[in-house]
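Colleague: this one's structure only:
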């Protein structure tokens with residue numbers, strides 16, 4: 001009988017493996033402060049350990065604080081505890097403040113004092129309250145999610161953040177809420193826009209001023225446009241201005257990732273036509289999501305995208321023919337796919353076998369906009385059990401049909417695939433539920449195994465205020 005692996009390998013090898021695992025596990029910490037006592041205690045334990053264990057604290061590179069407190073003594077206490085622990089995270093490079101109350105001037109100064117050289121800063125809430133945030137001077141990534149312009153901080157400070165970080169800032173994420181007044185016109189006057197390599201506009205009104213500035217951001221490699229164009233006709237003209245000279249595009253020539261999810265432009269056929277024309281022969285494009293773009297237009301452009309590895313597509317009326325056309329139109333090297341539909345000829349899991357030609361596919365999400373997990377309060381206990389069994393077996397059948405999958409998406413929910421090999425040609429497949437997404441969890445959500453899947457399933461596109469389970 002062979003020795004166990006733990007006895008064959010030298011102790012120092014296992015120590016090194018354990019150290020690497022610890023670095024990965026604690027690279028990013030999410031700490032939740034709110035009414036949940038278990039989460040609160042866990043957060044306080046982490047802060048206590050950071051004060052006494054410098055090796056542990058040095059492993060944390062990204063810290064994300066989620067707040068859900070009303071004004072009062074408890075909030076003041078938690079804030080004081082956080083400020084005393086913050087300086088111990090000496091290797092911190094990214095910091096995000098998520099929820100309510102939003103990050104305000106006093107906390108901005110505390111973070112600035114302990115970590116003036118942060119490379120990434122995120123402010124995600126309902127208002128922009130972070131007065132003084134423009135004092136940071138080394139930002140490579142800046143995220144602001146504010147529903148409207150009604151915060152303690154002047155929106156002009158967003159422009160100042162960009163100006164003061166013009167030599168370093170490369171990734172900008174700006175999010176709002178379409179139902180409320182907001183404008184990014186001032187921010188986009190900054191000279192920094194032309195230096196960006198990654199830009200995400202989320203739940204946002206996109207004015208012609210903003211889009212014209214984007215059109216001159218020639219260094220962009222990744223662009224997300226989610227929201228509403230104030231002048232869709234003008235936007236269509238800008239997209240149509242792209243030309244191909246010596247196999248190079250004149251408009252955004254370095255684009256590798258493009259997300260185009262519009263709200264309220266379903267009848268703007270000319271806009272979608274020009275967008276798909278703009279995408280033609282883009283061999284560098286690796287990631288694509290065209291939202292509600294008509295399926296026929298998407299299908300026409302897909303065969304020309306030889307570098308495509310990640311695709312989000314909406315086929316309103318999913319049929320056998322449409323599915324066959326899809327899998328034939330995209331490269332065999334696909335890594336992540338999301339297919340959304342409104343009406344399907346048959347249960348979506350019965351289409352899974354079509355994706356068997358993609359040997360490197362690690363993530364597949366099939367979803368119908370009208371389908372949700374069975375709820376016990378809407379049916380009898382017996383029906384609930386039957387429907388839940390059907391739900392679970394349908395999702396599991398996708399992983400069974402596609403051995404390459406590590407993660408499965410099923411009608412908006414995510415699962416990790418657990419495969420057990422019990423012998424030659426034998427084995428079992430189980431799915432483990434991943435946590436449901438949280439409201440305001442800007443773009444992160446659960447780990448889906450790769451940057452490709454994370455991009456495809458981005459959690460703040462769109463932020464859904466109506467869907468239950470996001471609180």
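Modeller: Great, that's in hand. What you see is a predicted model; the values in this text were computed from it and never measured.
Colleague: and the strand ranked longest in the chain, what does it pack against?
Modeller: In the chain, with assignment by DSSP state E, the single longest strand is strand 413-423. For strand 413-423, the packing partners by 3 or more Cβ pairs under 8 Å, 6 or more residues apart in numbering; DSSP states H and E come out as helix 381-401, strand 407-410, strand 426-433. Bear in mind the C-beta positions are built from the backbone N, C-alpha and C, glycine included.
Colleague: who's in contact with the last one?
Modeller: This points to strand 426-433. If you take Cβ atoms under 8 Å, 6 or more residues apart in numbering as the criterion, strand 426-433 is touched by 392, 395-396, 399-400, 408, 413-422.
Colleague: show me just the buried residues among these.
Modeller: 392, 395, 396, 399, 400, 408, 413, 414, 415, 416, 417 (16 or more other Cβ atoms under 10 Å).
Colleague: number of nearby residues for the residue lying closest to residue 241 once chain neighbours are set aside?
Modeller: Nearest non-adjacent residue to residue 241, counting by Cβ to Cβ, 6 or more residues apart in numbering: residue 251, 6.1 Å away. Taking other Cβ atoms under 10 Å as the criterion, the count of residues near residue 251 is 17.
Colleague: residue 90 too?
Modeller: By other Cβ under 10 Å, the residues close to residue 90 number 12.
Colleague: please apply the same query to the one 5 residues further on.
Modeller: For residue 95, the neighbour count with other Cβ under 10 Å is 22.
Colleague: rounded mean pLDDT for the helix or strand hosting it, please.
Modeller: Element membership for residue 95, per DSSP states H and E: strand 94-100. Here strand 94-100 scores 90 as its mean pLDDT.
Colleague: quick one, the helix or strand that that strand is followed by and strand 94-100 angle?
Modeller: Next along the chain after strand 94-100, taking DSSP H and E as the criterion, comes helix 105-114. Angle between the axes of helix 105-114 and strand 94-100 is 170 degrees (criterion: axes from the mean of the first three to the mean of the last three Cα atoms, to 10 degrees).
Colleague: now, among the contacts of strand 426-433, which is nearest to residue 364?
Modeller: Nearest to residue 364, judged by Cβ to Cβ, of the contacts of strand 426-433 is residue 408 at 6.3 Å.
Colleague: contacting residues around the closest one?
Modeller: For residue 408, the contact set (Cβ under 8 Å, 6+ apart) comprises 363, 364, 365, 395, 398, 399, 414, 415, 417, 431.
Colleague: how about CSV for the residues you listed, with distance to residue 32 and pLDDT added?
Modeller: Formatted as CSV, those follow (distance: Cβ to Cβ, whole Å; pLDDT from 0 to 100):
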residue, distance to residue 32, pLDDT
363, 26, 96
364, 30, 96
365, 26, 96
395, 28, 92
398, 31, 95
399, 30, 94
414, 19, 91
415, 23, 92
417, 27, 94
431, 26, 90
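Colleague: on that earlier part again, what's the farthest-apart pair in the contacts of strand 426-433?
Modeller: So, these by Cβ to Cβ: farthest apart are 413 and 422, at 27.3 Å.
Colleague: how would you label the nearest residue to residue 180 once chain neighbours are set aside: helix, strand or coil?
Modeller: Distances taken as Cβ to Cβ, 6+ apart place residue 148 nearest to residue 180, at 4.0 Å, with adjacent residues excluded. Recorded secondary structure, residue 148: coil (DSSP: H, G, I helix; E, B strand; the rest coil).
Colleague: what is the burial count for residue 148?
Modeller: 16.
Colleague: confidence score at residue 9?
Modeller: Taking residue 9 on its own, its pLDDT is 61.
Colleague: and the one 4 residues further on, by the same measure?
Modeller: pLDDT for residue 13: 61.
Colleague: quick revisit: list the helices and strands the strand holding residue 95 packs on?
Modeller: Looks like strand 94-100 contacts strand 62-68, strand 120-124 (3+ Cβ pairs under 8 Å, 6+ apart).
Colleague: tell me which of those strands is the most buried.
Modeller: Most buried of the helices and strands packed on strand 94-100 by mean neighbour count (mean count of other Cβ atoms under 10 Å) is strand 120-124; its value is a mean of 23.
Colleague: next, the angle from the helix or strand following it to strand 94-100.
Modeller: Counting by DSSP H and E, the next helix or strand C-terminal to strand 120-124 is strand 141-145. With the same axes, to 10 degrees applied, the angle from strand 141-145 to strand 94-100 works out at 0 degrees.
Colleague: just how off-centre is strand 141-145 within its chain?
Modeller: In terms of Cα atoms, centre = their mean, to the nearest Å, the centre of strand 141-145 is set 13 Å apart from its chain centre.
Colleague: partner strands of that strand, parallel or antiparallel?
Modeller: According to DSSP bridges, strand 141-145 forms sheet pairs with strand 120-124 (parallel), strand 171-175 (parallel).
Colleague: what are the buried residues along the next helix or strand after it?
Modeller: The helix or strand immediately downstream of strand 141-145 is helix 156-164, counting by DSSP H and E. Buried residues in helix 156-164, counted by 16+ other Cβ under 10 Å: 157, 158, 159, 160, 161, 162, 164.
Colleague: again with stretch 362-375
Modeller: Buried, per 16+ other Cβ under 10 Å, within stretch 362-375: 362, 363, 364, 365, 366, 367, 368, 371, 372, 373, 374.
Colleague: before we move on, back to that, would you agree the residue nearest to residue 180 is in contact with residue 183?
Modeller: No: between residue 148 and residue 183 there is no contact under Cβ atoms under 8 Å: 9.9 Å.
Colleague: could you name every residue contacting both of these two?
Modeller: In contact with both residue 148 and residue 183: no residue, using Cβ under 8 Å, 6+ apart.
Colleague: enumerate every residue touching residue 126.
Modeller: Under the criterion of Cβ under 8 Å, 6+ apart, the contact list for residue 126 reads 100, 102, 146, 147.
Colleague: for those residues, pick the one with the most neighbours.
Modeller: residue 146 (25 neighbours).
Colleague: residue contacts, the nearest residue to residue 237 once chain neighbours are set aside?
Modeller: Leaving out its chain neighbours, the residue that sits closest to residue 237 by Cβ to Cβ, 6+ apart is residue 274, at 7.8 Å. Going by Cβ under 8 Å, 6+ apart, residue 274 touches 236, 237, 239, 240.
Colleague: with secondary structure, pLDDT and neighbour count added, can I get the residues you listed in TSV?
Modeller: TSV is the format used below for the contacts of residue 274 (DSSP: H, G, I helix; E, B strand; the rest coil; pLDDT from 0 to 100; neighbours: other Cβ atoms under 10 Å):
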residue	secondary structure	pLDDT	neighbour count
236	helix	93	21
237	helix	93	14
239	helix	93	22
240	helix	91	16
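Colleague: quick check: the farthest pair among those residues?
Modeller: By the measure Cβ to Cβ, the contacts of residue 274 have their two most distant members at 237 and 239, which lie 7.4 Å apart.
Colleague: related to what we said a few turns ago, need the phi and psi values for the residue nearest to residue 237.
Modeller: Backbone torsions of residue 274, given as degrees, to the nearest 10, read phi -70, psi -30.
Colleague: does residue 150 really touch residue 102, like I thought?
Modeller: No: counting by Cβ under 8 Å, residue 150 stays clear of residue 102, with 11.6 Å between them.
Colleague: tell me, what's touching the two both at once?
Modeller: Joint contacts of residue 150 and residue 102 (Cβ under 8 Å, 6+ apart) are residue 127.
Colleague: can you list the low-confidence ranges for the chain?
Modeller: 1-26, 422-426, 437-446, 459-471 (pLDDT under 70).
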